[in-house]
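[1] got a structure for you, letters missing:
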């Protein structure tokens, strides 16, 4: 009897340990996803010089394919996640994004690199509609889980800024793609070993949403989360893809070492990422709409102030800007968890991401030409206007009482 009890306890402990490791790998996958999408933007100056471009702005549009596929691929990725299985799709994510990064490291000209980045974007599209619902499917406090997951994703952005800067300086830009690619493949092997097979596809489950809405309110919530996701993704793409070059320009004569610029940017992202943990915990405790509205309102004056800031004042304002931009990220996932059944969360998330990221990928294409023609000051005024649009959209969100 005692032996059987001890064996059962040991089995439970082993299962709990495996579950925690799988959750850790799912969070690490979020970091990998964002890190890989920003390697190009961080290393674009060095790549442009090797490929014969006189200005980094002229090479920047070649990376837009990654973000277009990152958005458009979310729809089939979400559908396959629900109907085929989330575990299988996550394995495809790890191995596919790793192989794509290795291909990018082997490219010889801008068009080859554009093709490799587009393939990378297609595999990167898997994570958000599949990995996040997989992580949340049994979470008792989804806000806290979303916050930690968001922290992991944004730390991936910080790692991209830091590691890419150092690898470009010490080993060249190709190593900045190749080494993370090998890491992703290694994580895929560990995930395949530790993540148990799914007993059934999510679409066959019978779970219900936490909050049941009428069809009219559900359509309204989906419209709000999609529109807010579009404006939020535009701000996210403009800043995360342009911040490295912004600091290089505004710190000219103060700090010009690429590795040190990368360290400064990584520190901004790391500190700002903590906002997602705080917001995630608040989502479990306070009404969603006023919290989201307050964060969106704070974006407008901060972006306006950053239009003219230089040097260390710019760094302080950039930190505040990234706090409110990162802090707004958890809300759309929180709405999906609150209002959508688990059996169809991947498809709903995929549809929302296809629209929002598909449109916001224009930010990557426009970034170089806009900065070249009008400068970063004009770009920040445009972002302040976009933040104002977010405020207008969030005002249409139903209150908790109405829901």
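    That came through, no problem. In this text the structure is predicted, and so the values were computed from the model without any measurement.
[2] where exactly do the helices run in the stretch 301-403 of the chain?
    For the stretch 301-403 of the chain, the helices defined by DSSP state H, counting those that start in this stretch occupy 311-327, 330-339, 345-360, 362-374, 376-394.
[3] Quick check: which of those is nearest to residue 154?
    helix 311-327 (5.4 Å; C-beta to C-beta). For glycine as for every other residue, the C-beta is placed from the backbone atoms N, C-alpha and C.
[4] Identify each buried residue in stretch 24-33, please.
    The neighbour-count check on stretch 24-33 (16 or more other C-beta atoms under 10 Å) flags 25, 26, 27, 28, 29, 30, 31, 32, 33 as buried.
[5] Not counting its neighbours along the chain, what's nearest residue 129?
    In space, residue 129 comes closest to residue 78 once its chain neighbours are excluded; the distance is 3.5 Å by C-beta to C-beta, 6 or more residues apart in numbering.
[6] Tell me the first helix or strand C-terminal of the helix or strand hosting residue 133.
    Element membership for residue 133 (DSSP states H and E) is helix 127-136. Using DSSP H and E, the helix or strand that follows helix 127-136 in sequence is helix 142-170.
[7] In that following helix, which residues are buried?
    142-169.
[8] can you check stretch 107-124 too?
    Buried, per 16+ other C-beta under 10 Å, within stretch 107-124: 107, 110, 113-124.
[9] And the residues you listed, which is closest to residue 49?
    When the buried residues of stretch 107-124 are compared against residue 49 (criterion: C-beta to C-beta), the nearest one is residue 110, at 12.1 Å.
[10] Could you dump the buried residues of stretch 24-33 into a markdown table with distance to residue 362 and pLDDT added?
    Below are the buried residues of stretch 24-33 laid out as a markdown table (distance: C-beta to C-beta, whole Å; pLDDT from 0 to 100):
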| residue | distance to residue 362 | pLDDT |
| --- | --- | --- |
| 25 | 32 | 94 |
| 26 | 29 | 94 |
| 27 | 29 | 93 |
| 28 | 29 | 93 |
| 29 | 26 | 95 |
| 30 | 24 | 93 |
| 31 | 25 | 92 |
| 32 | 24 | 93 |
| 33 | 20 | 93 |
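[11] Which single one of the residues you listed is nearest to residue 240?
    Among the buried residues of stretch 24-33, and counting by C-beta to C-beta, the member closest to residue 240 is residue 33, at 12.5 Å.
[12] For the closest one, give its distance to residue 120.
    When distance is defined by C-beta to C-beta, to the nearest Å, residue 33 is 10 Å away from residue 120.
[13] hey, what's in contact with both of the two?
    Counting by C-beta atoms under 8 Å, 6 or more residues apart in numbering, the shared contacts of residue 33 and residue 120 are residue 97.
[14] least trustworthy helix or strand in the chain by mean pLDDT?
    Here the helix or strand of the chain ranked lowest by mean pLDDT, DSSP states H and E is helix 362-374, holding a mean of 74.
[15] sorry, back to before: now the helices of the stretch 301-403 of the chain in TSV, with mean neighbour count and distance to residue 202?
    What follows is the helices of the stretch 301-403 of the chain, written out as TSV (neighbours: other C-beta atoms under 10 Å; distance: least, C-beta to C-beta, whole Å):
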stretch	mean neighbour count	distance to residue 202
helix 311-327	20	28
helix 330-339	24	13
helix 345-360	24	7
helix 362-374	18	31
helix 376-394	19	29
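[16] Any idea which of those helices gets closest to residue 262?
    Of the helices of the stretch 301-403 of the chain, nearest to residue 262 by C-beta to C-beta is helix 311-327, at 13.4 Å.
[17] That closest one packs against which elements?
    helix 215-250, helix 258-283, helix 288-305 (3 or more C-beta pairs under 8 Å, 6 or more residues apart in numbering; DSSP states H and E).
[18] Quick one: those as CSV, columns for distance to residue 17 too.
    CSV is the format used below for those (distance: least, C-beta to C-beta, whole Å):
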stretch, distance to residue 17
helix 215-250, 34
helix 258-283, 23
helix 288-305, 34
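[19] Helices of the stretch 1-150 of the chain, residue ranges please.
    Here the stretch 1-150 of the chain has its helices, by DSSP H, counting those that start in this stretch, at 2-50, 56-59, 64-72, 74-83, 86-105, 110-124, 127-136, 142-170.
[20] can you redo those helices as TSV with distance to residue 380?
    Output for the helices of the stretch 1-150 of the chain, formatted as TSV (distance: least, C-beta to C-beta, whole Å):
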stretch	distance to residue 380
helix 2-50	17
helix 56-59	16
helix 64-72	20
helix 74-83	28
helix 86-105	30
helix 110-124	26
helix 127-136	27
helix 142-170	19
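[21] These: which one's closest to residue 239?
    helix 142-170 (9.7 Å).
[22] what angle separates the closest one from helix 215-250?
    30 degrees (axes from the mean of the first three to the mean of the last three C-alpha atoms, to 10 degrees).
[23] can you tell me the average pLDDT over helix 142-170?
    Confidence for helix 142-170, expressed as mean pLDDT, is 82.
[24] Any regions of the stretch 301-403 of the chain where pLDDT drops low?
    364, 399-403 (pLDDT under 70).
[25] ok, 90 please
    The model of the stretch 301-403 of the chain has pLDDT under 90 over residues 305-318, 326-380, 382-383, 395-403.
[26] residue contacts, residue 242?
    With C-beta under 8 Å, 6+ apart, residue 242 has these contacts: 41, 367, 371, 376, 379.
[27] In this structure the third one contacts residue 57, no?
    Yes: distance between residue 371 and residue 57: 6.0 Å, which falls inside the contact criterion (C-beta atoms under 8 Å).
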